[in-house]
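In: structure for this input, please:
(one chain, ligands or ions: 1)
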Amino acid sequence: MTPQNELPTTYLVVGAGPFGLLTARGLLHQGIDVEIVERHDDVGGIWDIGNPGSPMYDTCHFITSKTLGGYVDFPMPDDYPTYPSQRQVLDYVRAFARAYGLYERTRFGTEVVRAEPVGEGDDAYWRVETSDGEERLYRGVFAACGQQWWPYVPELPGADEFLGEIYHSSQYHSPQQFAGKRVLVVGAGNSGVDIAVDAAEHGEASFISTRRDYYWFPKQVYGVPTPDLMTGKAPFPQMPLLGRTPDPMETVALVLAAIGPMSAYGLPEPSDPVGSTHPIVSDLALHCFTHGTLQHRPGIARITADAVEFVDGRSERVDVIVLATGYDMRYPWLPDGAVDYEEGHPVFHLGTFGRVRGLYGVGTIHPSRADAWQIFDQLTHLAIADAKATLTGENAENLRVLREEYEIDLKGGFPYLDVRRNVNQAADAPLRQLFDDLQHRFGIEMPTELKGGFFPAGTEAAMTATAAVTA
Ligand SMILES: Cc1cc2nc3c(=O)[nH]c(=O)nc-3n(C[C@H](O)[C@H](O)[C@H](O)COP(=O)(O)OP(=O)(O)OC[C@H]3O[C@@H](n4cnc5c(N)ncnc54)[C@H](O)[C@@H]3O)c2cc1C
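Out: Reported below is the predicted structural model:
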């Protein structure tokens, strides 16, 4: 047994993207020493188009409104539009890193290439090797290396015969790629939809192929950001004709009624309930469908040298096929068995605990609510409390119970479709239950959505720091 005073006390955060940074802020807030290792030369993760391998593109805007997006106690600047651009999101993330002194904690241009656990239980620690050949010891490791770095490319019949360009959406960065081209986008995640719109506006023709049918939402309904309205974060606007405030189910029904049937846009009508797949949020796509500049097609039957045949028998000649088919998530620097995987997605207990002591996953679940950054700002406090318990013994028995015994079905019985993307889906009610249990049953201090002022710095620092970077 290694004496406590000889064990490392610093924690490692792998990745200085939005969630690595919020993790480091949380650790520092609890008085825990932290080092961040980032392979790129600046903070920002995917939001920095210059980060090699980033799937970001010029025309991307947040699909989360600025009120729901962003960190706890660090609001996006007032002068940001409702849906900030990728450049504004990047500026905001960098402002956050400056406001909380996180640049000083980061080793840039350094990749974590191997991490292995040493010892067991409370004495366990980690030996970590980086691309510069250094080896350092840490008490634990927070894996915050992102979800969109390992493109998932399904097998499509005939793809090898195609003589045009075929690439994954992560290689799309600018609409200029589409000048004069007939483009087919495969898949309707939010990147796929944005890319199809760019092709509609800048290419010769644009098609989007989906195997299943979706609800397509505009970014605003009744003058309110749709995600804010659907999640009850924004009040329903006064409607004298209605005479009362609708309840949540009525709100969803009223939003759907305002959009109208999908067939009004030339789209198939989904038969699954709202929320069973990710929401598609794009005014521009709906606009392009009604103008005929973007056309929907069902799944692909076969690809030929210059065309794509669809399962309904139609066929389109295309020059470019963009595979917006999603991502796997991997940790090639971890030993085998440190993390369980399901269909290319890592499964951490409570979205947090790896299979080895002191290994924590960050940003691995998909909350059905739009305020993902705030949810991770809360959820990381479970891992942070575990790190604190390891270092100080504080609340140790409760943390043991959470690691080893406490279970909650994060899908909450909601009928999510059985597709790869939904492996780590988390519904609103069980997440609320989890956060409530963490605070009230297990005594873990964490920010709540309603409680501001948890972190020092906060609003004033946000304004100053953001003004400095955007100046
Ligand atoms: C096009 C697009 C639009 C999106 N829009 C939204 C949105 O509107 N709202 C929303 O909430 N989410 C959105 N997302 C989800 C997005 O994943 C999150 O917003 C956020 O970027 C996740 O932060 P992260 O820190 O987990 O990961 P990332 O942003 O991916 O950052 C991970 C960091 O880890 C570094 N790294 C990886 N491996 C190593 C290693 N071995 N050693 C050292 N460093 C390493 C990477 O260089 C990177 O900087 C979008 C995603 C995409 C692709």
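In: what helices or strands is the lengthiest helix in the chain leaning on?
Out: In terms of residue count, the longest helix belonging to the chain (DSSP state H) is helix 372-392. Helix 372-392 makes packing contacts with helix 18-29, strand 140-143, strand 359-361, helix 396-404, helix 428-436 when contacts are defined by 3 or more Cβ pairs under 8 Å, 6 or more residues apart in numbering; DSSP states H and E. (Each C-beta comes from the backbone N, C-alpha and C, glycine too.)
In: quick one: the first one to helix 372-392, angle?
Out: When you say that, I think you mean helix 18-29. Note on geometry: by axes from the mean of the first three to the mean of the last three Cα atoms, to 10 degrees, helix 18-29 and helix 372-392 are set 40 degrees apart in direction.
In: got a list of contacts for helix 18-29?
Out: For helix 18-29, the external contacting residues (Cβ atoms under 8 Å, 6 or more residues apart in numbering) are 11, 13-14, 33-34, 36, 38, 43-45, 47, 71, 93, 96-97, 100-102, 105, 142, 144-146, 362-363, 373, 376-377, 380-381, 383-384, 387, 454-456.
In: neighbours of the closest residue to S271 other than its chain neighbours, how many?
Out: Sequence neighbours aside, D213 is the residue nearest to S271 in space, at 7.0 Å (criterion: Cβ to Cβ, 6 or more residues apart in numbering). Each residue near D213 was counted by other Cβ atoms under 10 Å, and the total is 17.
In: and the pLDDT for D213?
Out: Each residue has a pLDDT score; the one for D213 is 91.
In: need the contact list for it.
Out: 262, 267-272.
In: near the ligand at all, the longest helix of the chain?
Out: Yes: with Cβ under 6 Å from any ligand atom as the measure, helix 372-392 is seen reaching the ligand through 372-373.
In: with just CA atoms, put that helix into PDB.
Out: In PDB, the C-alpha atoms belonging to helix 372-392 read as follows (Å, rounded to 0.1, in the frame of the first residue of the first chain):
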ATOM      1  CA  ALA A 372     -26.400  20.100 -22.700                       C
ATOM      2  CA  TRP A 373     -23.500  22.300 -21.500                       C
ATOM      3  CA  GLN A 374     -25.400  23.100 -18.300                       C
ATOM      4  CA  ILE A 375     -26.300  19.400 -17.800                       C
ATOM      5  CA  PHE A 376     -22.600  18.500 -18.100                       C
ATOM      6  CA  ASP A 377     -21.700  21.300 -15.800                       C
ATOM      7  CA  GLN A 378     -23.900  19.600 -13.200                       C
ATOM      8  CA  LEU A 379     -23.100  15.900 -14.000                       C
ATOM      9  CA  THR A 380     -19.300  16.400 -13.800                       C
ATOM     10  CA  HIS A 381     -19.900  17.200 -10.100                       C
ATOM     11  CA  LEU A 382     -20.500  13.600  -9.500                       C
ATOM     12  CA  ALA A 383     -17.000  12.700 -10.800                       C
ATOM     13  CA  ILE A 384     -15.500  15.700  -9.100                       C
ATOM     14  CA  ALA A 385     -17.100  14.600  -5.800                       C
ATOM     15  CA  ASP A 386     -15.600  11.200  -6.300                       C
ATOM     16  CA  ALA A 387     -12.200  12.700  -6.900                       C
ATOM     17  CA  LYS A 388     -12.600  14.700  -3.700                       C
ATOM     18  CA  ALA A 389     -13.700  11.700  -1.800                       C
ATOM     19  CA  THR A 390     -10.600   9.800  -3.000                       C
ATOM     20  CA  LEU A 391      -8.300  12.700  -1.900                       C
ATOM     21  CA  THR A 392      -9.900  13.600   1.400                       C
END
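In: quick one, it and helix 396-404 angle?
Out: Inter-element angle recorded for helix 372-392 and helix 396-404: 130 degrees (by the same axes, to 10 degrees).
In: now do the residue nearest to S271 against D272, distance only.
Out: The gap separating D213 from D272 is 8 Å, by Cβ to Cβ, to the nearest Å.
In: got it, and D312?
Out: Look at D312 and D272: by Cβ to Cβ, they are 20 Å apart.
In: list the buried residues in stretch 307-325.
Out: Residues 307-310, 316, 318-325 are the ones in stretch 307-325 that count as buried (16 or more other Cβ atoms under 10 Å).
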